[in-house]
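>>> Got a sequence here, can you model it:
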Amino acid sequence: MCGRFALTATADQTAAFLGVGELEEFPARYNIAPTQPILMAVSAPSRPPGSNLPDREALLVRWGLIPGWVKDMRGFPLLFNARSEEAAAKPSFRTAMRHRRALVPASGFYEWRQSGPAKGQAYWIRPRHGGLVAFAGLMETWSEPGGSEMDTGALLTTAANPAIAHIHHRMPVVIEEKDFARWLDCRTQEPRDVAELLKPAEPDFFEAIPVSSLVNKVANTAPEVQKRVEVSALQETKQKASSEKTPGDTQMSLF
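I've put the predicted structure just below:
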């Protein structure tokens, strides 16, 4: 499950990380939520021999994938996550899995440890050694009946690794830099060829930092949403026990 994340790197840092051309400057974003625009990198169209243009391009998409066969998006669920174990077979995602795989740059993501039926302690989950990560994404261009088009996308999730599982049982799929080209290659790499990339990050890759409930509200977009708060050992124990009793989430829920 991943319904909030952040991208606080500069445009130059992000472009260099993704291997795309120059990006226009954009502000640090500390609380990105579904339906908002997110940055995705995809394979560029075929380049002529000798071209110096990068073989990847970046674009802004609406976070919330709309399959091409949807006629009216108003009655369609908000598909901001796709379960990686099922995406290649699901009607909503299988075309994008085959033809439009993407990378989503991020500085980290947020997750909530459930406390019974209510939303519990929030955590800012970031790479332990800093820097950017690339989440596995899917992109789909949706055409409205009137003819206008909108690029949309979703993040792929997988089972959480042992370091994250006590907070939530799902986490976004992280694509390692060495696998960027392979993941994006939809011409020669079919979904089954990249299936082993859809795995949890190593247990020591992320660190989870408890933060305040400020992040719960989409309107709160300042750096304070990532400020560490103290959580007592007793509270941690109670929340962990409660989360272990909470049924699994549904893919289309937003916390």
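
>>> alpha carbons only for contacts and neighbour counts from here, please
Fine.

>>> For Gln189, what are phi and psi?
phi -110, psi 110 (degrees, to the nearest 10).

>>> next one: the one 3 residues further on
Per-residue torsions, Arg192: phi -70, psi -20 (degrees, to the nearest 10).

>>> Any idea how many residues pack against it?
Arg192: 10 surrounding residues under other Cα atoms under 10 Å.

>>> pLDDT wise, what is it at?
On pLDDT, Arg192 comes in at 97.

>>> likewise the one 5 residues further on?
At Leu197 the predicted local distance difference test score is 98.

>>> okay, now the spatially closest residue to it that is not a sequence neighbour: neighbour count?
Nearest residue to Leu197, sequence neighbours excluded (Cα to Cα, 6 or more residues apart in numbering): Ile175, at 6.8 Å. The burial count assigned to Ile175 is 22, neighbours taken as other Cα under 10 Å.

>>> Wait, a strand at Glu196?
No. Read with DSSP: H, G, I helix; E, B strand; the rest coil, Glu196 is helix and lies in no strand.

>>> Quick check: the gap between it and Ile175.
According to Cα to Cα, to the nearest Å, Glu196 and Ile175 sit 11 Å apart.

>>> Name the SS class of Tyr30, please.
strand.

>>> okay, now the closest residue to it other than its chain neighbours: neighbour count?
Spatial nearest neighbour of Tyr30, chain neighbours left out: Ala6 (4.6 Å); criterion: Cα to Cα, 6+ apart. Residues within reach of Ala6, counting by other Cα under 10 Å, total 23.

>>> what's the answer for Lys119, then?
Counted with other Cα under 10 Å, Lys119 comes out at 14.

>>> That one against His168, yeah?
No. Using Cα atoms under 8 Å, Lys119 makes no contact with His168, being 11.5 Å away.

>>> Show me the common contact partners of the two, please.
112-113 (Cα atoms under 8 Å, 6 or more residues apart in numbering).

>>> can you pull the contacts of the residue nearest to Met73 when sequence neighbours are not counted?
When the adjacent residues along the chain are set aside, Met73 lies closest to Ile66, with 7.2 Å between them (Cα to Cα, 6+ apart). The contact partners of Ile66, by Cα under 8 Å, 6+ apart, come to 73, 76, 79, 92, 140-142, 152-153.

>>> From Asp151, how far out is Ile66?
Distance, Ile66 to Asp151, by Cα to Cα: 9 Å.

>>> Repeat that for Arg94.
16 Å.

>>> Checking the nearest residue to Pro105 once chain neighbours are set aside next. Helix, strand or coil?
Of all residues not flanking Pro105 in the chain, Ala134 sits nearest, at 4.5 Å (Cα to Cα, 6+ apart). In three-state terms, and counting by three-state DSSP, Ala134 is strand.

>>> State the pLDDT value of Ala134.
98.

>>> where's Asp12, which helix or strand?
Of the helices and strands defined by DSSP states H and E, Asp12 is found in helix 11-18.

>>> Now do the same for the residue most central in space within the chain: helix, strand or coil?
Taking Cα atoms, centre = their mean as the criterion, Leu155 is the residue nearest the geometric centre of the chain, at 4.0 Å. Classification of Leu155 using three-state DSSP returns strand.

>>> all strands of the stretch 101-250 of the chain, in order?
For the stretch 101-250 of the chain, the strands defined by DSSP state E, counting those that start in this stretch cover 101-106, 108-112, 122-127, 133-143, 149-159, 170-172, 206-211.

>>> Dump those into TSV; add distance to Arg29 as well.
TSV is the format used below for these (distance: least, Cα to Cα, whole Å):
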stretch	distance to Arg29
strand 101-106	10
strand 108-112	11
strand 122-127	14
strand 133-143	15
strand 149-159	17
strand 170-172	18
strand 206-211	16
